[in-house]
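Q: Here you go, sequence then predicted model.
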Amino acid sequence: MNSVLSTLRVLEEVAMRQPIGVSELARATGIPKSSVQRCLVTLQQAGWLRIVDRAHARWGVTMKVLAIGLRGAGEQDLRELAEPVVKRLAAETDETVQLGLRDGAEYVIVATQDSTQVVRVCLEVGTRVPLRATSAGVAIMSRLEPAEVDELLRHTLKEFADSPVPDDDELRAEIAGTAQRGYARNVSGWFRPHVASVAAAVTDASGHPVAGLTLSVPQMRYDEAREADFARLVVAAADEISELISSG
């Protein structure tokens, strides 16, 4: 029983302090480092934790923790929680809105509301794309610790070698600009040709980014004069979903 309690204690501390290393966890919990290491490996094998900074062996939670937390709080997953907000944003802009979760170095679409216009952006629920190839991914990375961003940039994009996806230096500049603006923008069709987008991060109660909200517009219809209005609506919607997660 003591080992179970220790493992749960380690999980709680990682969730509150991520990214965090073994020594810091041992000090925070009062559990010996060797025992903390065993707890971490057990939780990793079970899919609850992952290494987010290999260079410094720092740990963070997986999306499994968020999913269980949301269900426990209100018997509903993130998609159900955010659905009214996603639909309202799509109605306000008449452009396609996507909600996605971060899963390691990838971004997974979990909900979408299409535009009613004939020419529109369509992306299937369940689509997985590299985090660094999307505006939502940049928005998420702008809220991460530098060490975790460094780890994410280790993932190369061979499949996008001929696309306009930013290289490491360009991406760092995009992340810095996003942090300053409060939203990410992609007007160059990084992942999908001829698609522009504006995105903002969705955070949990601790302020950690767990998802992204994206407004996707066909490049032929994207008007930079409307970007400020789009950004205001997207950020407000993302903040509303974050509040729902925190209070759920």
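A: Great, that's in hand.
Q: Have a look at the chain and report its longest helix.
A: helix 227-247 (DSSP state H).
Q: now that one: how far from the chain's centre is it?
A: Helix 227-247 has its C-alpha centroid displaced from the chain centroid by 14 Å (CA atoms, centre = their mean, to the nearest Å).
Q: One more: stretch 241-248?
A: 15 Å.
Q: pull the helix or strand with minimum mean pLDDT from the chain.
A: Scoring the helices and strands of the chain by mean pLDDT, DSSP states H and E places helix 63-74 at the bottom, with a mean of 56.
Q: Tell me which stretches of this structure form strands.
A: Secondary structure of the chain by DSSP state E: the strands cover 49-53, 58-61, 96-103, 106-113, 128-130, 184-186, 195-203, 209-218.
Q: Please work out which of those strands is packed deepest.
A: The highest mean neighbour count among those, using mean count of other CB atoms under 10 Å, belongs to strand 195-203: a mean of 27. Yep, even glycine has a C-beta here, placed from its N, CA and C like the rest.
Q: And that strand, what does it pack against?
A: Applying 3 or more CB pairs under 8 Å, 6 or more residues apart in numbering; DSSP states H and E, one finds that strand 195-203 makes contact with helix 135-141, strand 184-186, strand 209-218, helix 227-247.
Q: what about the shortest one, average pLDDT?
A: Which is strand 184-186. Average pLDDT, strand 184-186: 91.
Q: Low-confidence bits of this structure, can you list those?
A: Low-confidence segments of the chain, defined by pLDDT under 70: 1, 63, 65-76, 156-164, 189, 248.
Q: Would you mind measuring the gap between the ends of stretch 131-142?
A: Chord length of stretch 131-142, first to last residue, is 12 Å (CA to CA, to the nearest Å).
Q: Reformat the strands of the chain into CSV and put distance to Arg154 next to each item.
A: Below are those laid out as CSV (distance: least, CB to CB, whole Å):
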stretch, distance to Arg154
strand 49-53, 10
strand 58-61, 14
strand 96-103, 16
strand 106-113, 14
strand 128-130, 12
strand 184-186, 21
strand 195-203, 21
strand 209-218, 19
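Q: Point out the one among these that comes closest to Arg172.
A: Nearest to Arg172, of all these, is strand 184-186, at 13.2 Å by CB to CB.
Q: For Gln37, which of the strands of the chain is the nearest?
A: strand 58-61 (10.4 Å).
Q: Determine the set of other helices and strands touching the closest one.
A: Using 3+ CB pairs under 8 Å, 6+ apart, the elements in contact with strand 58-61 are helix 2-17, strand 49-53, helix 146-152.
Q: As TSV, these with distance to Glu174 would be great.
A: Supplementary listing: the helices and strands packed on strand 58-61 in TSV, determined by distance: least, CB to CB, whole Å:
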stretch	distance to Glu174
helix 2-17	27
strand 49-53	20
helix 146-152	11
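Q: wait, which of those is closest to Asp94?
A: Nearest to Asp94, of the helices and strands packed on strand 58-61 and by CB to CB, is helix 146-152 at 33.1 Å.
Q: which of the residues in the closest one are buried?
A: Neighbour counts over helix 146-152 (16 or more other CB atoms under 10 Å) mark 148-152 as buried.
Q: try stretch 21-35
A: Neighbour counts using 16+ other CB under 10 Å place 21-22, 25-26, 28-29, 31, 35 of stretch 21-35 among the buried residues.
Q: Can you tell me which of the residues you listed is nearest Glu124?
A: Closest to Glu124, out of all of the buried residues of stretch 21-35 and judged by CB to CB, is Gly21, at 38.3 Å.
Q: got the contact list for the closest one?
A: 56-59 (CB atoms under 8 Å, 6 or more residues apart in numbering).
Q: how far away is Arg102 from Ile31?
A: 28 Å (CB to CB, to the nearest Å).
Q: Touching, Val36 and Ala26? I think so.
A: Yes: the pair Val36 / Ala26 is scored as a contact, 5.0 Å apart, by CB atoms under 8 Å.
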